[in-house]
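[1] below are the sequence and a predicted model; questions follow.
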Amino acid sequence: MVIILSIAGLAASILSDDQRLIEIRHTHPYAVLGVILAVCYGFISSLPQVIEAVMAWGVPIALVLIHSAIRLRNINNKINQNVLEGFVRDTVMAKLFSVFKVKEAPTANTGIRNEKDIVNSIKKHF
């Protein structure tokens with residue numbers, strides 16, 4: 001946190017148009033260079049912690065995004081879901097669970113049918 005604040009303060013002071021800061025930069029260039037080097041050294045020395053923090057937040061967010069990307073949520077599937085209400089369709093996650101032999105949790109829906117039953121029931125309605 002200290003390093004982030006130091007970098008933000010350094011960037012703000014370098015990009016500032018304040019006359020006092022401009023005078024300090026012109027009259028003490030080696031002091032400004034020393035501050036820049038100290039902040040860079042602090043950032044580099046804390047880089048493993050920065051990477052760890054990014055990974056601690058980034059990996060779970062990436063897993064959530066990957067999961068949401070492979071769900072069946074497009075328009076065609078929403079229409080089919082309304083037409084085939086009461087039927088269960090295998091999603092990508094369900095297929096992955098079957099590949100890894102993850103047992104299904106017991107559900108309240110006992111009317112699970114296979115695809116032939118679904119097609120036959122649709123034909124009966126039309």
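    Cool, the structure landed.
[2] list the contacts for residue 14?
    residue 25 (CB atoms under 8 Å, 6 or more residues apart in numbering). Where C-beta positions appear, they are placed from N, C-alpha and C, glycine not excepted.
[3] secondary structure element for it?
    For residue 14, the element it lies in under DSSP states H and E is helix 2-15.
[4] which SSE is immediately downstream of that helix?
    Downstream of helix 2-15, the next assigned helix or strand under DSSP H and E is helix 19-27.
[5] show me where the chain dips below the pLDDT cut-off.
    72-90, 103-126 (pLDDT under 70).
[6] domain parsing for it?
    With domains defined by automatic domain parsing, the chain comprises 1-69, 74-126.
[7] returning to what we had before: list the buried ones in the helix holding residue 14?
    For helix 2-15, burial by neighbour count (16 or more other CB atoms under 10 Å) applies to 3, 6, 10.
[8] could you dump the residues you listed to CSV with distance to residue 62?
    Converted to CSV, the buried residues of helix 2-15 look like this (distance: CB to CB, whole Å):
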residue, distance to residue 62
3, 25
6, 29
10, 31
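[9] which one among these gets closest to residue 95?
    residue 3 (45.3 Å; CB to CB).
[10] what is the neighbour count of residue 41?
    When neighbours are counted by other CB atoms under 10 Å, residue 41 registers 10.
[11] which of the helices or strands spans it?
    With DSSP H and E as the test, residue 41 turns up in helix 29-45.
[12] contacting residues for residue 24?
    Contacts for residue 24 were tallied using CB under 8 Å, 6+ apart; they are 31-32.
[13] ok, the buried residues of helix 2-15 vs residue 43, which is closest?
    residue 3 (5.3 Å).
[14] gap between residue 8 and residue 49?
    For residue 8, the distance to residue 49 equals 17 Å [CB to CB, to the nearest Å].
[15] thinking again about what came up before, after the helix holding residue 41, next one along is what?
    Immediately after helix 29-45, counting by DSSP H and E, sits helix 47-69.
[16] so what touches that next one?
    3, 43, 93.
[17] from residue 59, how far off is the closest residue in space to the second one that isn't next to it in sequence?
    So the one you mean is residue 43. Spatially, and ignoring its direct neighbours in sequence, residue 43 is nearest to residue 3 (5.3 Å; CB to CB, 6 or more residues apart in numbering). Using CB to CB, residue 3 is found at 22 Å from residue 59.
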